[in-house]
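**Q** Turn this into a model:
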Amino acid sequence: MDFNTIYSQIKENSLFGRYVTNNHIKPIIDTLSHQFKIETIGYSVQKKPIYSVKFGNGKTKILMWSQMHGNESTTTKAVFDLFNFVELNSEEAVFIKNNYTLLCIPILNPDGAELYTRENANQIDLNRDAVNLSQPESLVLKHIYYQFQPDFCYNLHDQRSIYAAGNTNNPATVSFLAPAYNEAREFNKVRILATSVIVAMNEELQKYIPNQVGRFDDSFNINCVGETFQSLNTPTILFEAGHFQNDYQREQTRKFIWIALIVGIKNSNDNEVVLTKIDNYLTIPQNEVLFNDFIYRKFKINANNTNLIISFAANYEEILTEGEVVFQAVCTEVDELIQNFGHQEYNGGEGIYTDDFENMPKIDQKVNFYLNKSIKFVNGLKEM
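**A** Model (predicted):
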């Protein structure tokens, strides 16, 4: 498949950026063709509808859900790109519809999506509520799971820009996990089936983002949905949409998630378990926290009448303002030497740091300052 050419035809352009809510997806859902079965499968804490979109009539059933965390919207955009791909009725799309039945929940946490928060309206992390089932959204997902009886589950998320693919300066643009099903983190047939799908997705993604695919930590927590479904003998895959160079709106990352979805679906079947897939899976580098959004090195400050050469780091905070997510650069670390990589790095050349406060970078302070009193940095970026 020529994924780049096809994607230019099917990208759902009405969804853009980081803020995606029911208000954004409902008009699109209303225009989907008769190939899709649309249902309201439940309601959130604040009585917002939770929608499902079902298509295909194949034997293998895949359940996927996005925005379990309300501020993780990249995979939601990719799901709607998937719907547009299915509408093409190309040979590949027809193959998927004839061999698979997909049930997709585009936004499981509509309250959190509207508030742009990880948690739901009761401030509960739904991905830690798989056992207690204390929230209406958790009950909706569990009910659909038992009603649909999927052969595979796709748990779709975003991850922060701080992650590297292994101990490298390559961002983890896409990460995967075949969750453990027990405390020992053993590999049974169910988990190996999940790893085999991940291996296929990784092999394809390496053509587009070489060395930028990571493997998420597999610490076991039965309260997490992935571990729960894996323990119930359903191969489950965690997708994590991460940072691609200069792509804070995650418009490039959504394409790579879409590619992964297509490849993953076509490889989600009950093939003979191949043990070598475990080794291929484990060679995917595990995510490491090695990035900041900004690193500033070798800036001179005056502290207690002594000149010091320091470095400092900053990350973006995402702030919902009037229906738009604004990125605010905030200082996170000040030290003589910072080991992390920066998505953007600046070398001050031992020039003088000044700002409008105390002429010293401080933790939690907005990143607005001057270099040698002539070069201005605003919201982390050097003004040109």
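**Q** quick one: residue 72 and residue 13, what's the gap?
**A** Going from residue 72 to residue 13 by C-beta to C-beta, to the nearest Å gives 21 Å. Heads up, the C-betas are built off the backbone N, CA and C, glycines and all.
**Q** neighbour count winner among the two?
**A** A direct count of neighbours by other C-beta atoms under 10 Å for residue 72 and residue 13 places residue 72 higher, at 24 against 8.
**Q** Assess the claim that the more buried one and residue 158 are in contact.
**A** Yes. When contacts are counted by C-beta atoms under 8 Å, residue 72 is listed as touching residue 158 (3.5 Å).
**Q** Now list whatever residues contact both of these two.
**A** Common neighbours of residue 72 and residue 158, using C-beta atoms under 8 Å, 6 or more residues apart in numbering, are residue 241.
**Q** now the stretch 1-150 of the chain, which segments are flagged as low pLDDT?
**A** Within the stretch 1-150 of the chain, no stretch falls below the threshold (pLDDT under 70).
**Q** Which strands border the strand ranked longest in the chain, and is each parallel or antiparallel?
**A** Counting by DSSP state E, the longest strand found in the chain is strand 306-321. Partners of strand 306-321 in the sheet, by DSSP bridges, are strand 291-303 (antiparallel), strand 324-335 (antiparallel).
**Q** Identify each buried residue in it, please.
**A** Residues 310-316 are the ones in strand 306-321 that count as buried (16 or more other C-beta atoms under 10 Å).
**Q** for stretch 127-139, same thing?
**A** 127, 129-130, 135-138.
**Q** From those residues, pick the one nearest residue 206.
**A** Nearest to residue 206 among the buried residues of stretch 127-139: residue 127, at 27.8 Å, using C-beta to C-beta.
**Q** re earlier: now render the buried residues of stretch 127-139 as a markdown table, adding secondary structure.
**A** Shown next, in a markdown table, are those (DSSP: H, G, I helix; E, B strand; the rest coil):
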| residue | secondary structure |
| --- | --- |
| 127 | helix |
| 129 | coil |
| 130 | coil |
| 135 | coil |
| 136 | helix |
| 137 | helix |
| 138 | helix |
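**Q** Quickly check those for the two that are furthest apart.
**A** Pairwise distances across the buried residues of stretch 127-139 (C-beta to C-beta) peak at 15.2 Å, for the pair 127 and 136.
**Q** Just put the buried residues of strand 306-321 in TSV and tack on distance to residue 231 and pLDDT.
**A** Output for those, formatted as TSV (distance: C-beta to C-beta, whole Å; pLDDT from 0 to 100):
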residue	distance to residue 231	pLDDT
310	49	97
311	45	98
312	44	98
313	39	98
314	40	98
315	35	98
316	36	98
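**Q** circling back to that earlier point, residue 60 is nearest to which of the strands paired with strand 306-321?
**A** Closest approach to residue 60 among the strands paired with strand 306-321 (C-beta to C-beta): strand 324-335, 36.2 Å.
**Q** Mind pulling the model confidence for residue 274?
**A** pLDDT, the model's per-residue confidence, is 62 for residue 274.
**Q** so how far is residue 146 from residue 136?
**A** According to C-beta to C-beta, residue 136 and residue 146 sit 16 Å apart.
**Q** Residue 84 should be in a helix, yeah?
**A** Yes. Looking at residue 84 with three-state DSSP, it is inside a helix.
**Q** Nearest residue to it in space, ignoring adjacent ones along the chain?
**A** Among residues not flanking residue 84 along the chain, residue 10 sits closest, at 3.9 Å (C-beta to C-beta, 6 or more residues apart in numbering).
**Q** likewise residue 49?
**A** Sequence neighbours aside, residue 40 is the residue nearest to residue 49 in space, at 4.5 Å (criterion: C-beta to C-beta, 6+ apart).
**Q** so how far is residue 29 from that neighbour?
**A** Here the distance between residue 40 and residue 29 works out to 10 Å (C-beta to C-beta).
**Q** what do the two both touch?
**A** residue 51.
**Q** So between these two, which is more surrounded?
**A** Remark: of residue 40 and residue 29, residue 29 carries more neighbours, 16 against 9, as counted by other C-beta under 10 Å.
**Q** The more buried one and residue 54 touch, don't they?
**A** No. Look at residue 29 against residue 54 with C-beta under 8 Å: they stay out of range, at 11.8 Å.
**Q** Spell out which residues are contacts of both of those two.
**A** Here residue 29 and residue 54 have residue 38 as joint contacts, going by C-beta under 8 Å, 6+ apart.
**Q** do you know how far residue 314 is from residue 345?
**A** In this structure, residue 314 and residue 345 are 11 Å apart, going by C-beta to C-beta.
**Q** Show me the common contact partners of those two, please.
**A** With C-beta under 8 Å, 6+ apart, residue 314 and residue 345 have common neighbours 294, 296.
**Q** List the residues that contact the residue most central in space within the chain.
**A** The centroid of the chain falls nearest to residue 158 when counting by C-alpha atoms, centre = their mean (1.7 Å). The contact partners of residue 158, by C-beta under 8 Å, 6+ apart, come to 69, 71-75, 240-242, 250.
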